[in-house]
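S.K.: My questions are about this predicted structure, shown below with the sequence.
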Amino acid sequence: MIRVNIDAIAAPYYNYGGLSPGNLASICHKNKISHPKKAALQGLEKMRVMHELGVIQLIAPPLHAPNLTIVKQLGLESFEEAPEILRALLSSANLFLANSATFTPSVDSADGRAHLTVANRRHFFHRAIEAEAHLRYFQMLFEGADSVRIHPPLPFFKDEGAANHVRLSASEDKKGSNLFIYGGRQSLEASQAVARLHQLDPARTLFIPQNPQLIEEGIFHNDLICFGQSNHLILHEAAFCDPRGLIQTLTKQIPNLTVDLIHTLSIKDSVKSYFFNSELLHTPSGKKVLLMPYECQGIELPDLGVDQTIFLDLSEAMHLGGGPACLRLALMMTSKEVQEIKPSLIFTPSLYEKLKEWIHKHYIEELDPRELLSPIFLKSCALAINDLENILMIKT
């Protein structure tokens with residue numbers, strides 16, 4: 001199996017909307033000056049690092065915004081009538097692709113196909129409006145690919161995608177155990193529906209409730225308190241009500257499972273550092289690499305048995321409310337499935353240089369939230385995204 005990451009580029013209208021109650025970083029930075037160019041360049045550098053580690057890196061464009069169809073559906077004649085709705089329509093949260101979908105590999109499904117369900121993000125208006133655009137993106141990414149089945153967003157029940165899903169396996173090409181964590185912004189019913197749609201083995205599919213005591217402390221998604229890759233699981237001792245029972249169950253299914261149960265990091269410091277939103281990678285060269293936010297430097301952790309630790313400067317995303325794992329949707333795919341990906345969306349060094357040039361051409365250094373109401377600014381953003389679509393040879 002081959003690791004594939006999809007990351008989005010921060011939009012030219014990148015701003016701190018503070019639209020996500022419960023997300024402490026988001027609320028803390030509401031209406032502060034944002035830095036669109038810095039945000040886009042930081043995300044692009046993360047993609048470059050992933051590419052150099054041997055991960056196939058894909059690119060998702062920012063969403064066109066505001067969505068004028070929604071404006072008309074709400075009966076608005078001008079943005080001035082409802083500036084808060086406009087702010088929601090110009091949310092930058094679509095940068096967090098971990099909420100865009102849930103993906104499971106073909107080795108896990110009864111029909112032998114990879115499955116992807118686009119998340120509905122019904123918890124908030126500013127996230128729910130992303131679902132339709134992300135469905136179009138994934139359909140375009142895998143257009144004509146018979147080996148990958150794309151499911152539309154669920155019509156009911158809150159689903160926030162891969163931020164509440166962990167897949168573990170004895171090795172990358174072996175049948176895995178799928179953990180669906182519910183509570184907070186993820187419903188049990190949505191998780192069960194995704195598992196059915198993906199035709200997962202019920203014996204290796206676990207539905208785990210989030211520790212309800214942590215939700216009020218800023219742990220609104222599982223990927224803020226637990227993460228894992230292949231046969232390695234890292235979680236806070238308070239992540240679940242019965243973590244040791246979960247570990248016993250998983251060990252029976254994955255005999256070579258490695259578990260790090262973290263107790264030296266407080267919940268407050270976990271939220272502040274976003275350590276549990278780090279990315280754990282098993283690279284093609286056989287190295288185990290941990291990518292962490294700069295904010296994790298200096299925190300006390302046990303030996304996690306990784307070969308390399310990389311600290312990433314993602315300060316803009318962190319201010320918006322997400323770290324390295326929030327920024328990407330990770331896919332495990334066969335070589336045949338990878339060949340069916342739209343090639344113009346695959347990161348390459350030459351595309352990296354084109355994207356840097358595009359960012360420097362179109363993005364401003366600082367954005368005062370009051371500028372979001374400017375028709376001239378919004379027009380410049382639309383032109384920038386149109387230019388990007390020409391570079392990527394797509395039309396969204």
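M.R.: Structure's in. What do you need?

S.K.: now the helix or strand hosting Cys381, how far from the centre of its chain.
M.R.: Here Cys381 sits within helix 375-392, counting by DSSP states H and E. Averaging C-alpha positions (CA atoms, centre = their mean, to the nearest Å) puts helix 375-392 23 Å from its chain's average.

S.K.: go on, stretch 386-396?
M.R.: What separates the centre of stretch 386-396 from the centre of its chain is 22 Å, taken as CA atoms, centre = their mean.

S.K.: Pull it out as CSV, backbone CA atoms only.
M.R.: C-alpha atoms of stretch 386-396 as CSV (Å, rounded to 0.1, in the frame of the first residue of the first chain):
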residue,chain,number,x,y,z
ASN,A,386,-9.3,31.0,-11.4
ASP,A,387,-5.6,31.4,-12.1
LEU,A,388,-4.8,28.5,-9.8
GLU,A,389,-7.3,26.3,-11.6
ASN,A,390,-5.5,27.0,-14.9
ILE,A,391,-2.2,25.9,-13.3
LEU,A,392,-3.8,22.7,-11.9
MET,A,393,-5.7,22.2,-15.2
ILE,A,394,-9.0,21.8,-13.4
LYS,A,395,-12.4,23.6,-13.1
THR,A,396,-14.3,23.5,-9.8
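
S.K.: That one: which residues count as buried?
M.R.: Neighbour counts over stretch 386-396 (16 or more other CB atoms under 10 Å) mark 388, 392, 394, 396 as buried. Backbone N, C-alpha and C define where each C-beta goes, glycine included.

S.K.: Which positions within the lowest-mean-pLDDT helix or strand in the chain qualify as buried?
M.R.: Every helix and strand of the chain was ranked by mean pLDDT, DSSP states H and E. The lowest is helix 24-28, at a mean of 84. Buried residues in helix 24-28, counted by 16+ other CB under 10 Å: 24-26.

S.K.: continuing past that helix, what's the next helix or strand?
M.R.: Immediately after helix 24-28, counting by DSSP H and E, sits helix 36-52.

S.K.: Show me what that following helix is in contact with.
M.R.: Contacting residues not belonging to helix 36-52 are listed as 5, 7-15, 57, 59, 92, 95, 291, 310, 312-317, 320, 324, 327, 347-349, 352, 355-356, 359-360, 363-365, 367 [CB atoms under 8 Å, 6 or more residues apart in numbering].

S.K.: all helices of the stretch 1-150 of the chain, in order?
M.R.: Counting by DSSP state H, counting those that start in this stretch, residue ranges of the helices within the stretch 1-150 of the chain are 24-28, 36-52, 68-73, 83-89, 125-128, 131-141.

S.K.: related to what we said a few turns ago, helices or strands up against the least confident helix or strand of the chain?
M.R.: With contacts taken as 3 or more CB pairs under 8 Å, 6 or more residues apart in numbering; DSSP states H and E, helix 24-28 sits against helix 315-320.

S.K.: Can you name every helix or strand that the helix it packs on contacts?
M.R.: helix 24-28, helix 36-52.

S.K.: any idea which of these is most buried?
M.R.: The highest average neighbour count among the helices and strands packed on helix 315-320, using mean count of other CB atoms under 10 Å, belongs to helix 36-52 at a mean of 20.

S.K.: Only the C-alpha atoms, please, for that helix, written as PDB.
M.R.: Written as PDB, here are the backbone C-alpha positions of helix 36-52 (Å, rounded to 0.1, in the frame of the first residue of the first chain):
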ATOM      1  CA  PRO A  36      -2.900  34.900   3.800                       C
ATOM      2  CA  LYS A  37       0.400  34.700   2.000                       C
ATOM      3  CA  LYS A  38       2.200  33.200   5.100                       C
ATOM      4  CA  ALA A  39      -0.600  30.700   5.500                       C
ATOM      5  CA  ALA A  40      -0.400  29.500   1.900                       C
ATOM      6  CA  LEU A  41       3.400  29.300   1.900                       C
ATOM      7  CA  GLN A  42       3.500  27.400   5.200                       C
ATOM      8  CA  GLY A  43       1.000  24.900   3.900                       C
ATOM      9  CA  LEU A  44       3.000  24.600   0.600                       C
ATOM     10  CA  GLU A  45       6.200  23.900   2.600                       C
ATOM     11  CA  LYS A  46       4.400  21.100   4.500                       C
ATOM     12  CA  MET A  47       3.600  19.500   1.200                       C
ATOM     13  CA  ARG A  48       7.200  19.800   0.000                       C
ATOM     14  CA  VAL A  49       8.400  18.100   3.200                       C
ATOM     15  CA  MET A  50       5.900  15.200   2.600                       C
ATOM     16  CA  HIS A  51       7.000  14.900  -1.000                       C
ATOM     17  CA  GLU A  52      10.700  14.700   0.100                       C
END
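
S.K.: pLDDT (mean, whole number) over that helix?
M.R.: Over the span of helix 36-52, the pLDDT mean works out to 98.

S.K.: Just want the angle from it to helix 375-392.
M.R.: Note on geometry: by axes from the mean of the first three to the mean of the last three CA atoms, to 10 degrees, helix 36-52 and helix 375-392 are set 20 degrees apart in direction.

S.K.: tell me how far helix 36-52 is from the chain's mean position?
M.R.: The answer for helix 36-52 is 15 Å, by CA atoms, centre = their mean.

S.K.: Give me the buried subset of the contacts of helix 36-52.
M.R.: By neighbour count, with 16+ other CB under 10 Å, the contacts of helix 36-52 hold 5, 7-15, 57, 59, 92, 95, 291, 310, 312, 314, 316-317, 320, 324, 327, 347, 352, 355, 359, 363-364, 367 as buried.

S.K.: in a strand, that's where Ile208 is, yeah?
M.R.: Yes: when DSSP: H, G, I helix; E, B strand; the rest coil is applied, Ile208 is found to be in a strand.

S.K.: All good on my end, thank you.
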